[in-house]
Every structure is written in structure tokens, then in C-alpha cells.
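[1] dropping a prediction and its sequence here:
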Amino acid sequence: HWGRELCELDWAATGSDALEYAGRYLGAFAKATPTLYVRNARATEVGVALLDGATALPLTRPTRERNRGGRGDAYTASARAHFVEYVEDEIRLLADAALRSPRLAAHGALARLALRWCVLVPLLVLVRVWGWLAAWAELDRCVFVNNWLLSTSLHPPRPPAAADAAAALTAALTASLPDHALVYRSLDEHTSADLLAALRAAGWATIPARYVHFQRPADDAALWRRQAVKTDLKLAAKRLSPSGPLEWRALAADAPMAEYARCVELYELLYVGRYSGCNPRFTAAFVALAVRARLLTVLVLADAASGAIDGVLGYYARNGYLTCPLFGYDTAQPAAAGLYRLLSLKVLQEGRRLGVEVHASGGAAGFKRQRGAASAVEYVAVHDAHLPGRRRAAWLVLRALLKPLAALATQDAVGCAAVAGVTPN
């Protein structure tokens, strides 16, 4: 089912909370357009695969307009944005940090010139060549499976984790979309080992996508005894009401649109301003939908006196995990204000309150490991055996380049877990 067909489905027929949630979420995207809620999910159509009438797997695919090229799409909606443009942004960020490094500055201007022209420029040229190959191979002509257009798409309670279910899903999607690669998002050995195995048995290949982190605030008592967490708790006691100027409050369904817009502003200061425009760029309409349709629990960190919002987190929990796709704070405030630490602590506290594990997504690995995180490689699974050789070329290159990096990342996860005293995933 695609587009407005989603509005005609009876999502409440089975009495399943998961299906009703999917109906509220996907129905809103189908009635309007994805860009109303994620401004850079351009030329994207939303659909759903219903498994046995009980499990909804959200799908996205590009329209013909995006297949002709272009830049600036969300990596959650575009394979090109994920594997070409985001890579370019990461290289620029790492190079900028290296060029500003005091250690490099100590070696003088010649060292900076060498880094720029001997490392940065050749890398960017390689990425540009890779981008041409990706465009020639139509990398973007793919269907994303289990794609909520969020950085982390948690899996439903009953995913197609049996070999026959994965094979049936593969056959159905390739039959209905024979000219598209199939790309299954947010897979790892910790949350979805059985599903990964079933997809591999059905002929899907796995490609490393990023490094992700997990924390167990509900059943890991040692987490709360860690020095970093103790320090965060002391900060909270000092900064939060009644002894401090800040307070947590739930964003109300009847909040003024300016508050929803402020949440977007804080998210963009962090994820777009500091990282990449390929991150999903939510709108005030999305935050309003998330609150009013109960898609996310949105909490704001606000000044207790004025009500001014300095931080926001929006999370959802599914199948024993909690993840926080909406997260941001006023980056202009000094680090001593501890806004990032207060938000991260609140996520752990919500995970403990709900009795679930925190899927802490990617980034800030050192910070999260100090707070009890274990790490794993996250994959996308790709099925392209039904496509001609030209269309498979880019996916073959990705597998060849990224598989060795995944092995190194796994070794790093095991080593760092041993040092940190946590169980590697």
C-alpha cells in the first residue's frame, strides 16, 4: 500500500496498539506530504507492508523527480544522501577539527597545507567520483524497509525474523517493485540478531552503516554507580528546580506553535548546525503531530521562571527499547551549563522508569561509554539480486569498502567494552 491508500486501511480492526500507532503516524504522512513533517524528505513516498495483518513495516521510496539527481535530502530517505553526501560532510567535519587542532598548529602552516592538499582534497575527489558511480548505478532507486524517517527505526514486536517470513517479504517486495533495490534499516546483532540472520538466509547482503550504543538503566545497577553518572546527578540536583533555575515539563498538545518551533530550532542547532544537513530536518508541524498523535513523548528543559525552553528530547519506546530521535539544546550556552548532560541523564531516567533498554543511537561514543554504554555495528541489509549488473555496482562497492571497517569497529567495541567493564553486544 502506497500514498493515500494508507488512509483507507482500517488500522484499528485488530485492536493492536502497534498498528494503531502506525496508522496515526503513516496516515498523517500519506494525507499530506512527507516534507510537511521532514523538510528534506523530498520527493519521497510513504507506504506500508502489512505482515499477517498484525505487523506494519513502514516503507519509503523515491519519486521519479529524485531519481534524476539532486542534493540535500535526508539520509533517512535517500541512499545517496546516506552513503555519498553524509560521507562528504563527515570528511569535512573531521578535516576541520584536525586543521584547528593545537597539535597540528604547533607544526606550523606547512603542516596545515599538507593535510589540506595531501589528505582532504584527495579524499573529497574520491567521494566525488564515488558520487558519480552512485548516480550512474541509480543508488537512490531503492525501497527502504522499516523506515519511520527517523535516525533510529526500532523494530516492531513481531518482525519477519523467521526464514520463511523474510523470504515471503522479499518475494512480495521484489514482485511489486522489480526495478528497486530493497534496503532494510536499523539492523544490529543486539536488537535484531534473528532478523539479520533471516534476511541473510533470504539472500540479503549487509552493509555497515554506523556505530550505535546501548545502555541498560533499568537492570544495570552498576551504571548508576559510575562516576560520570554520579556527576550528572549532582549537576541535576544543582540545576533543576527547586534548587536550580530549570525544570522538566511535558510539551502540551495545546502548546503554542512557537514552542514546537523552538524545539525544532534546538534540534537543528545540534544535528544540522554541528553535524550535517543530511540529518532529518523536522518541522514544527512534525513536533505538533508527535505530541498530539502520541507518536513521541516530548519533554522540554525550560527556565522555571520565564518558561523559555533551553533543551528538548522526544522519545518513543518499542519492543523493549527506547530511542530519542528528537534531541537538542541551546548550543550557545557554555558547556558549564551542562545542558547535554542533563538531557542525556533524563533519557536514562526515562529508560529506567519504563523498564527498557536505551538505544542511544550513534555519536559521542566516549561520553556514552563513560555512562555504561556498550556498542555495536548497525547495518542496512540490501537485496539487489533481481537487478541488472549496472544497478548492483554501487552496492557491491559499498560492501567491499565498508566490510573491513565493520570488522575493525567490532574489535574496537569489544576492546572498549572490556576496558569499561560492560558486556559487548
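    Perfect, I can see it now. Residues are numbered from 1 along each chain as shown.
[2] where does the chain dip in pLDDT?
    Applying pLDDT under 70 to the chain flags residues 64-71, 98-99, 104-108, 111, 115, 117, 404-425.
[3] what separation is there between the residue positioned nearest the centre of it and residue 305?
    The centroid of the chain falls nearest to residue 151 when counting by C-alpha atoms, centre = their mean (1.6 Å). Distance, residue 151 to residue 305, by C-beta to C-beta, to the nearest Å: 33 Å. Every residue, glycine included, has its C-beta placed from N, CA and C.
[4] same thing with residue 245?
    7 Å.
[5] who has more neighbours out of those two?
    Higher neighbour count among residue 245 and residue 305: residue 245, with 15 against 10, using other C-beta atoms under 10 Å.
[6] ok, that one - contacts?
    Listed by C-beta atoms under 8 Å, 6 or more residues apart in numbering, the contact set of residue 245 reads 239, 303, 304, 305.
[7] which one of those is nearest to residue 121?
    residue 239 (44.4 Å; C-beta to C-beta).
[8] contact partners for that closest one?
    Counted by C-beta under 8 Å, 6+ apart, residue 239 has contacts 245, 246, 337, 338, 342.
[9] so which of those residues belong to strands?
    With strands taken from DSSP state E, the overlap with those comprises residue 246.
[10] how about residue 11, what does it touch?
    Contacts of residue 11 by C-beta under 8 Å, 6+ apart are 19, 20, 22, 23, 24, 27.
[11] nope, residue 248 is what I meant
    240, 299, 300, 301, 302, 346.
[12] likewise for residue 331?
    So, once contact is read as C-beta under 8 Å, 6+ apart, residue 331 ends up touching 269, 270, 273, 274.
[13] one more: residue 215?
    Neighbours of residue 215 in contact, by C-beta under 8 Å, 6+ apart: 223, 348, 351, 357, 358, 360, 368, 371, 372, 373, 374.
[14] if we go to 7 Å?
    223, 348, 351, 358, 360, 368, 371, 372, 373 (C-beta atoms under 7 Å, 6 or more residues apart in numbering).
[15] and it, bridged to which residues?
    residue 358 (DSSP bridges).
[16] what segments of the stretch 151-300 of the chain are strands?
    Taking DSSP state E, counting those that start in this stretch, the strands of the stretch 151-300 of the chain run over residues 181-187, 205-215, 246-250, 297-303.
[17] and residue 350, how close does it get to residue 186?
    From residue 350 to residue 186 the distance is 20 Å (C-beta to C-beta).
[18] neighbour-wise, which of the two wins?
    Remark: of residue 350 and residue 186, residue 186 carries more neighbours, 27 against 19, as counted by other C-beta under 10 Å.
[19] hang on, that one packs against residue 153?
    Yes - under the criterion of C-beta atoms under 7 Å, residue 186 makes contact with residue 153 at 4.4 Å.
[20] any common contacting residues for those two?
    Common contacts of residue 186 and residue 153, defined by C-beta under 7 Å, 6+ apart, comprise residue 146.
[21] who wins for most neighbours among the contacts of residue 215?
    Across the contacts of residue 215, neighbour numbers were computed from other C-beta under 10 Å; residue 358 holds the maximum, 29 neighbours.
[22] coming back round to it: out of the contacts of residue 11, who's nearest residue 387?
    Set against residue 387, the nearest of the contacts of residue 11 by C-beta to C-beta is residue 22 (28.6 Å).
[23] element containing the closest one, please.
    helix 17-31 (DSSP states H and E).
[24] about what we covered before: from the contacts of residue 239, which single one is nearest residue 314?
    residue 342 (15.4 Å).
[25] how about the strands of the stretch 1-150 of the chain, start to end?
    With strands called from DSSP E, counting those that start in this stretch, the stretch 1-150 of the chain shows them at 44-51, 55-62, 142-145.
[26] about what we covered before: which of the contacts of residue 331 fall within helices?
    Mapping the contacts of residue 331 onto helices (DSSP state H) picks out 269, 270.
[27] got the contacts of residue 245 as TSV, with distance to residue 179 columns?
    Converted to TSV, the contacts of residue 245 look like this (distance: C-beta to C-beta, whole Å):
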residue	distance to residue 179
239	55
303	54
304	56
305	59
